[in-house]
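Novice: have a look; sequence and predicted model below, questions after that.
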Amino acid sequence: MRFDEFVEKHFLPYSRINKKSHTSDLCICKALGLFFGKHSLADINAPMVEQYKQKRTSEPTIRGKQRSPSRVNKELAVLSKILSMASEADLIAAKPKIRLFKVSSERIRYLTDDEEMRLLEALNNSIWLRNIVLFALHTGMRRGEIFNLQWFDVGMMRQAIKVRYTKSRAIAK
């Protein structure tokens, strides 16, 4: 079976039902399809995956910037899932080894004083939105975490907030 056929008939329906990142998977599958699309699943091997990695890192993004290794890793993770599904369906003998780029997952970014001031100035006309943004800036909480707060999550006496569900859906302690 060709790669593009398998993606259309098997992976995308699976992604639509099972993955929160389905819309991202659609974009990633377009990029994968341009490279692997007409190839048979059985023809995809480790050297071909390495060629894809090199091609994607050397191509600029739509905005003309350098594509990050972490973005290519996301694409490779989707490719890995596609090939795993093909292997489970006995369409390929074995999934080729896919080596990801080594990237630091640590990313800490704070607004500068100037950025914070410009953001708050832009929100002057909306007091309620300004208050939400200030709350987010001072707590580091995400939008979903803030909007899911209940009164019993806020301990005024202890000056504490309990975030029950985080981005990873884990219960925060």
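Specialist: Happy to help now that I have it. Numbering: from 1, shown residues only.

Novice: the nearest residue to Leu12 once chain neighbours are set aside: how many residues sit nearby?
Specialist: Of all residues not flanking Leu12 in the chain, Cys29 sits nearest, at 6.6 Å (CB to CB, 6 or more residues apart in numbering). Where you see a C-beta, it was placed from the backbone N, CA and C, and this is true even at glycine. Residues within reach of Cys29, counting by other CB atoms under 10 Å, total 23.

Novice: next up, the contacts around Cys29.
Specialist: Val7, Phe11, Leu12, Val78 (CB atoms under 8 Å, 6 or more residues apart in numbering).

Novice: give me the subset of those residues lying in strands.
Specialist: Of the contacts of Cys29, none are assigned to strands by DSSP state E.

Novice: report the two of those separated the most.
Specialist: Leu12 and Val78 (10.6 Å; CB to CB).

Novice: ok, back up a step: narrow the contacts of Cys29 to those in helices?
Specialist: Of those, the ones assigned to helices by DSSP state H are Leu12, Val78.

Novice: out of the contacts of Cys29, flag the one nearest to Glu88.
Specialist: Using CB to CB, Phe11 comes nearest to Glu88 of those, at 11.7 Å.

Novice: any idea how many residues pack against that closest one?
Specialist: Using other CB under 10 Å, Phe11 has 22 neighbouring residues.

Novice: that one and Ile127, how far apart?
Specialist: 46 Å (CB to CB, to the nearest Å).

Novice: what do you get for Phe3?
Specialist: 53 Å.

Novice: and the lowest-mean-pLDDT helix or strand in the chain, what other elements does it pack with?
Specialist: Ranked by mean pLDDT, DSSP states H and E, the helix or strand of the chain with the weakest confidence is strand 154-155, at a mean of 86. Packing partners of strand 154-155 (3 or more CB pairs under 8 Å, 6 or more residues apart in numbering; DSSP states H and E): strand 160-161.

Novice: what's the distance between the strand it packs on and the middle of its chain?
Specialist: 29 Å (CA atoms, centre = their mean, to the nearest Å).

Novice: pLDDT below threshold where in the protein?
Specialist: 168-173 (pLDDT under 70).

Novice: more neighbours, Phe3 and Ile127?
Specialist: Phe3 (25 against 9).

Novice: now that one: phi and psi?
Specialist: The phi/psi pair for Phe3 (degrees, to the nearest 10) reads phi -60, psi -50.
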